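> Pasted the sequence and its predicted model underneath.
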Amino acid sequence: MIVGIILAGGEGRRLGGMRKAHLRLGNRPLIDWVSGALEPQCAHIVISSGSRRDALVPDLVSVPDAEDGITGPAAGLLAGALWAREHASGSLMLSVSVDTPFWPQDFAARATPLLTGETHCVVSAFGDRDYPTNALWRPDSLIGHLAAIPPAPRGPRIRDVQAALGVRRLDYAPVNAQNPFAGVNELGDLLALSRRLMDMEASMANGGLASATKLAR
């Protein structure tokens, strides 16, 4: 069993304070894109809401960061892992940033066999770049490591956590022409993903027309 956690606790400072979950791509909020990609892979989906206690999406459980604990994305991972341990004991946890609309629906199936031996995390990668917030975890190992870290104004870095736990990369460059882990940090990124979506829709439309032409012949 896999629990999916959507990391959506950021404040969107580089986007004028608008939360990434509510940004729209193709007239759909980013959080809908991500939750839709996770549904075929996960038995449960929860949202890491950061310091906020309100629900980002009425139909999904929001898990806030612990008060006076570790900070940053690692705090969201800890909140999700604790939820997974309480509500889905023995499950794995798949963490995905809310600004990753083209998340691959086969990630869990490809990553799960890599969690062997001393490997407690599988991180997404495209070519020479890793995406630490997008990964498959063993929740108990993650909790054990993060619970021992004293609170600090910043951190811990997720890369450091993964290195300590034992991590393997799952590189999609050999199987995807475009990066499925591309995210949104500023307006230009959202515009680039919008153009990519339009190209995908145009390609699908042209493919459908070609198929119909072949059938007509």
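Nice, I can see it.
> Can you check which strand is longest in this structure?
In the chain, taking DSSP state E as the definition, the longest strand is strand 129-137.
> got a list of contacts for the helix or strand just after that one?
Moving toward the C-terminus from strand 129-137, the next helix or strand (DSSP states H and E) is helix 139-147. Residues external to helix 139-147 that are found in contact with it (C-beta atoms under 8 Å, 6 or more residues apart in numbering): 3, 70, 74, 77-78, 80-82, 84-85, 91-93, 120-121, 156, 161, 164-165. Backbone N, C-alpha and C define where each C-beta goes, glycine included.
> Now which of the residues you listed would you call buried?
3, 70, 74, 77-78, 80-82, 84-85, 91-93, 120-121, 156, 161, 165 (16 or more other C-beta atoms under 10 Å).
> Strands - which of the contacts of helix 139-147 land there?
Per DSSP E, the subset of the contacts of helix 139-147 in strands is Val3, Leu92, Met93, Cys121.
> which SS class is the residue nearest the centre of the chain?
Centroid-nearest residue in the chain, with C-alpha atoms, centre = their mean: Val96, separated by 0.9 Å. Assigned with DSSP: H, G, I helix; E, B strand; the rest coil, Val96 falls in the strand class.
> so what's it up against?
Residues in contact with Val96, defined by C-beta under 8 Å, 6+ apart, are Gly4, Ile5, Ile6, Leu7, Val34, Ala37, Leu38, Trp103, Thr133, Asn134.
> most surrounded residue in those residues?
Tallying neighbours with other C-beta atoms under 10 Å puts Ile6 at the head of the contacts of Val96, with 30 neighbours.
> Who are the packing partners of the host helix or strand of that residue?
Taking DSSP H and E as the criterion, Ile6 maps to strand 2-7. Helices and strands touching strand 2-7, by 3 or more C-beta pairs under 8 Å, 6 or more residues apart in numbering; DSSP states H and E, are helix 30-38, strand 44-48, helix 73-87, strand 92-97.
> if we go to 6 Å?
strand 44-48, helix 73-87, strand 92-97 (3 or more C-beta pairs under 6 Å, 6 or more residues apart in numbering; DSSP states H and E).
> Kindly export the second one (C-alpha atoms) in PDB.
Extracted in PDB, the C-alpha atoms of helix 73-87 (Å, rounded to 0.1, in the frame of the first residue of the first chain):
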ATOM      1  CA  PRO A  73       9.700  20.600   3.300                       C
ATOM      2  CA  ALA A  74      11.200  18.100   5.700                       C
ATOM      3  CA  ALA A  75       8.500  19.200   8.200                       C
ATOM      4  CA  GLY A  76       5.800  18.300   5.700                       C
ATOM      5  CA  LEU A  77       7.400  14.900   5.000                       C
ATOM      6  CA  LEU A  78       7.500  14.200   8.700                       C
ATOM      7  CA  ALA A  79       3.800  15.100   9.100                       C
ATOM      8  CA  GLY A  80       2.900  12.900   6.200                       C
ATOM      9  CA  ALA A  81       5.000  10.000   7.500                       C
ATOM     10  CA  LEU A  82       3.400  10.200  10.900                       C
ATOM     11  CA  TRP A  83      -0.100  10.200   9.300                       C
ATOM     12  CA  ALA A  84       0.900   7.200   7.200                       C
ATOM     13  CA  ARG A  85       2.100   5.200  10.200                       C
ATOM     14  CA  GLU A  86      -1.000   5.900  12.200                       C
ATOM     15  CA  HIS A  87      -3.600   5.400   9.400                       C
END
